[in-house]
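K.L.:
Sequence first, then the predicted structure:
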Amino acid sequence: MLDARGQIRRLPGVRLWLSGGWLALLVLAAIFAPLISPHDPLAQDLFAGRLPPVWEQGSDPAFLLGTDSLGRDVLSRMLYGARLALIVALVAGTLTCLIGATLGLIAGFFRGWADLIISRLIDIWMAFPPVLFAILLIAVIGTGLTSVIVAIVVIDWTRFARVVRAEAMSQGAMDYVASAQVAGRGRLGTAMTEILPNVLPTIVALLTLEMGIAIIVEAILSFVNLSISTDQPTWGGMIAEGRASIYQAWWVLVFPLFTLFLTVLSFSQFGEGLKEHFDPVLR
Amino acid sequence: MSFLSIRDLNVSLANGAPLLRRVSLDVAAGEVRALVGESGAGKSMIGKAVLGILPRAAKVTGGSIQLDGEDLETLSPKARRQRIGARVALIPQDPLTALNPSRRVGPQITDRLVDILGWKRAEAEARALELLEEVHIQAPDRVMKAYPHELSGGMRQRILIASAFAAEPKLIIADEPTTALDVTVQKQILKLIREMQQRHGTALLFVTHDLGVVSKIAQSLTVLYAGKVIEETDIKAFFAGPSHAYSRALLAATPKYTDPDGSLTPVPDSVIQAVEAEIAAFDAGQMGTVRA
Amino acid sequence: MSEMIYQLKDLKVSFPDMSKKPLLGAAPRIDVLKGLTFDIPKGEVLGIVGGSGSGKSTLGRALIRLIEPDDGAILFEGTDITHLGEDRLRPLRRRFQMIFQDPMSSLNPRRRVGGIIAGPLKLQGLDNVKGRVDEALDMVGLPRSFASRYPHELSGGQRQRVGIARAIALKPDFILADEIVSGLDVSSQAQVLNLLESLVQDLGLTLAFISHDLSVIRRLCTRILVLYQGEIVENAETPALFADPKAAYTRTLLDAIPLPDPAQAWF
């Protein structure tokens, strides 16, 4: 099917529904993890180690997705892991967005000294290898949920600042900004009523992308054992542990990895879908 | 025998909406024909259909385009590109976007000669220098080495004109070549196009919305509305009094400083309604012939 | 002598030339307006004409203080506004308004027409905003239902009417129109010019109309100012200017206009 522009017609809202559906499922799983988890995610049972998922030979129907080498239930650990993943995604994503977008808006619209300082800061920041930077940071401030969130905000605010600055600059050159000035609107008011609404769809798309990235960063930090303490189940931690027994028990690695992949993809698709849905020009 | 002969050309969007409605049009060798209409009338579409550069969404759905007696629609895409490359050139509307900003001007003129016509690079460069002189550019050797942003809008348009005439095409399609320019620069550019056209005996299909410009450069004109030919006549007859009411209204809306009270008259709603009804009736008739 | 709405004395504006900026240090400045002196009487429709690079748009933007001049003075109804800060300008802004060249970029694409027109009214703290928006739409000949549409749903001519409605809704004393018909089709061009003509009469506006084309402003303007490279080369009543252009540049501009008449000897 083609639309008037000869482009393949996108089924409206399909990706919004699919990605939103997955994310909603995840949120429910995270909230009700204690109720729906078949097992205690930390309970070890060395006699029930490396049990395969139910459809494989030699499985135990009590462990739907199998167990890891310490005999912990993979499904329960993934459900609890969703809690941390979502907390990191929401809190770190939102904070990064608020800080980065504000700085970008200030630099791009008000220009002058503010722009000079913020732009130089961005340049310097971008020259650091981000993951090493995060590892270094956590090594200094210590592990834990707050540290992970701080690390993500500190490394990733430039992603927002750069894009929002460029957008704000191009919007600032538009005549409707001049026309707001003619109407007597102050600089701050103009930034809020003329610039921000036009930059908002981009910010929303970036925000959801950032939530996905936050989950990945958390997974990477877990992978190198620098995230939340080891007795809390996280997807990244599970992937790290699963790597060691990939030949004996693929499911320990594959299920959390696939969940992580679906979640990050859903976040970015959800953002794009929202952007399309709420943009009066694209719609 | 006309050099370009378009018969019953239909162009539509992928969703079936018509852009051109059975357009027929002839340009004789050496003739200057103006193609006039307001935005959305499809006047640029005709040139694009001839050159084979229609937007992705638009497709030729009927009719024929003959160039020098050869039906372009029956040729293979490659053969078609070669015929067009050798015989037809375009002077685009926006001199800023038509030149690649990251390449020097010289190679942008000679590319066509080397790539399509197989000239040697040295020959092509000599020809380009000659042409830049012909379009009254001082120090052409310096301009060949310049980047587009170092030149003024008028200068860039001169380069595009030189480039269009480079391969001695038999037909040039000029798509609103002066719309982006100031009145004084517009005059220089029109003068140049006319001079080059007369010297080289090139046929010219001149797309514009400005009847003032039409009266200066063209011998004949075709008026379009909503992709349909509304009127086709020669210049003298048209300016003595157009036969179609819409053409008359268009002429009355054109500014004329020598007649402030008789010009700049908005096109009356009744005229728009009448021409829209004509289009609707035409479309209904088309449906009939398809069914029959 | 009639009352003056604007008095300009030796107005100078310059911009930094970034293309010639040395590696270290400030960019050299280009003088865009080189000392302009003229008055605009109340009720006048002034045409400001010139080619690209003449400084006509810069002059317009200086008049409504979107640009701060380097030197000289701009008096608006006797008040010196040359270097006023934005806070002091705000109460005056209601009284001089602007219609922009490109109606697409001057209308915020994310706001509905009603919101666009209402914006300045709310800012200036006026009452009965809805009524004033309707009234402005009526005056520019757009249906009131257009208030709920977005700019991209309108044609070029309709967008330009929205731009006009936004400017007149504040009931200003002075309106600056910057090349507002150059992007329009001939039929919309004629409509917009006729609309302006009637608004000037009905509302008793003072209007400055910037254009590169003398032919569109003959009927509309009472006086014409011709600019060339930042200087005034001619300032004359419209009939006198067309009957007997004094400056060579004015004649060049006039001769460059192609009349829709094959009998005119033009090339």
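P.N.:
Alright, I've got the coordinates. Numbers count the residues shown, from 1 in each chain, chains lettered A, B, ... in the order given.
K.L.:
Return the residues of the stretch 51-200 of chain C in contact with chain A.
P.N.:
Within the stretch 51-200 of chain C, the positions near chain A by CB under 8 Å from any CB of the partner chain are C:61, C:64, C:66, C:86, C:89-91, C:93-94, C:96-98, C:100-102, C:105-111, C:119-120, C:123-124, C:150, C:152, C:166, C:170. (Glycine included, C-beta is placed from N, CA and C.)
K.L.:
for the stretch 101-250 of chain A, what spans make up the helices?
P.N.:
Remark: helices assigned in the stretch 101-250 of chain A by DSSP state H, counting those that start in this stretch are A:112-126, A:130-141, A:145-172, A:175-182, A:187-190, A:196-223, A:235-244, A:250-278.
K.L.:
right, and those - which one's nearest residue B:121?
P.N.:
Closest of those to residue B:121 is helix A:145-172, at 39.9 Å (criterion: CB to CB).
K.L.:
residues from chain B in reach of chain C?
P.N.:
B:38-39, B:153, B:182-187, B:190-191, B:194, B:209-216, B:235-236, B:239, B:249-251, B:253-258, B:260-261, B:264-267.
K.L.:
hang on, the earlier thing: filter the residues of the stretch 51-200 of chain C next to chain A to the buried ones?
P.N.:
Those of those that meet the buried threshold are C:61, C:64, C:89-90, C:93-94, C:96-98, C:100-102, C:105-111, C:119-120, C:123-124, C:150, C:166, C:170, by 16 or more other CB atoms under 10 Å in any protein chain shown.
K.L.:
Which of the residues you listed fall in helices?
P.N.:
Among those, the ones falling in helices (DSSP state H) are C:61, C:89, C:90, C:93, C:119, C:120, C:123, C:166.
K.L.:
Looking at those residues, which one is closest to residue B:105?
P.N.:
residue C:61 (33.2 Å).
K.L.:
quick one, what contacts that closest one?
P.N.:
The neighbours of residue C:61, taking CB atoms under 8 Å, 6 or more residues apart in numbering or on different chains as the test, are A:178, C:67, C:178.
K.L.:
nearest to chain B, of the helices of the stretch 101-250 of chain A?
P.N.:
helix A:145-172 (17.4 Å; CB to the nearest CB).
K.L.:
That closest one: how far from the chain's middle?
P.N.:
How far helix A:145-172 lies from its chain's middle: 13 Å, per CA atoms, centre = their mean, to the nearest Å.
K.L.:
Do any residues in it lie close to chain C?
P.N.:
No - for helix A:145-172, no contact with chain C is found by CB under 8 Å from any CB; the gap never falls below 9.2 Å.
K.L.:
And that helix, what does it pack against?
P.N.:
With contacts taken as 3 or more CB pairs under 8 Å, 6 or more residues apart in numbering or on different chains; DSSP states H and E, helix A:145-172 sits against helix A:93-105, helix A:112-126, helix A:130-141, helix A:196-223.
K.L.:
For the residue in the stretch 1-150 of chain B that chain C sits nearest to, give its distance to residue A:184.
P.N.:
When distances are taken as CB to the nearest CB, the stretch 1-150 of chain B reaches nearest to chain C at residue B:38, 4.2 Å away. As defined by CB to CB, to the nearest Å, residue B:38 lies at a distance of 37 Å from residue A:184.
K.L.:
dump the residue contacts of the residue of the stretch 1-150 of chain B closest to chain C.
P.N.:
With contact taken as CB under 8 Å, 6+ apart, residue B:38 is in contact with B:209, B:225, B:250, C:185, C:186, C:187.
K.L.:
Helix, strand or coil: sort out it for me.
P.N.:
coil (DSSP: H, G, I helix; E, B strand; the rest coil).
K.L.:
related to what we said a few turns ago, need the helices and strands packed on helix A:145-172 in CSV (columns: mean pLDDT and mean neighbour count).
P.N.:
Output for these, formatted as CSV (pLDDT from 0 to 100; neighbours: other CB atoms under 10 Å in any protein chain shown):
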stretch, mean pLDDT, mean neighbour count
helix A:93-105, 96, 22
helix A:112-126, 92, 14
helix A:130-141, 84, 15
helix A:196-223, 89, 22
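K.L.:
which intervals of the chain have sub-threshold pLDDT?
P.N.:
Went with chain A since none was named. Residue ranges of chain A with pLDDT under 70: A:1-12, A:229-230, A:280-283.
K.L.:
Let me rephrase: I mean chain C.
P.N.:
C:1-2.
K.L.:
in it, which spans are strands?
P.N.:
Assigned by DSSP state E, the strands in chain C fall at C:4-16, C:29-41, C:45-49, C:71-76, C:79-80, C:96-99, C:174-178, C:206-211, C:223-228, C:231-237.
K.L.:
can you give me the helices for the stretch 101-250 of chain B?
P.N.:
B:105-115, B:121-134, B:140-144, B:153-165, B:183-200, B:211-217, B:235-240, B:245-253.
K.L.:
Out of the ones you listed, flag the one nearest residue C:214.
P.N.:
Nearest of these (CB to CB): helix B:183-200, 7.9 Å.
K.L.:
Could you pull up the mean pLDDT of that closest one?
P.N.:
The average pLDDT within helix B:183-200 is 93.
K.L.:
picking that back up, can you lay out the strands of chain C as TSV showing distance to chain B?
P.N.:
Formatted as TSV, the strands of chain C follow (distance: least, CB to the nearest CB, whole Å):
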stretch	distance to chain B
strand C:4-16	18
strand C:29-41	15
strand C:45-49	10
strand C:71-76	27
strand C:79-80	34
strand C:96-99	18
strand C:174-178	15
strand C:206-211	10
strand C:223-228	11
strand C:231-237	13
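K.L.:
quick revisit: which one of the helices of the stretch 101-250 of chain A lies closest to residue C:208?
P.N.:
Closest to residue C:208 of the helices of the stretch 101-250 of chain A, according to CB to CB: helix A:175-182, at 13.6 Å.
K.L.:
Tell me which residues are up against that closest one.
P.N.:
So helix A:175-182 is contacted by A:171, A:189-190, A:193-195, C:61, C:64, C:66, C:86, C:93, C:96-98, C:100-102, C:105-108, C:119-120, C:166 (CB under 8 Å, 6+ apart).
K.L.:
How about stretch B:93-108?
P.N.:
Outside stretch B:93-108, the residues that touch it by CB under 8 Å, 6+ apart are B:92, B:125, B:128, B:143-149, B:151, B:153, B:156-157, B:159-160, B:163, B:175-177, B:179-180.
K.L.:
Pull the distance from that stretch to the chain's centre.
P.N.:
When distances are taken as CA atoms, centre = their mean, stretch B:93-108 is centred 19 Å away from the chain's centroid.
K.L.:
Over to stretch B:194-211?
P.N.:
That offset, for stretch B:194-211, works out to 9 Å (CA atoms, centre = their mean).
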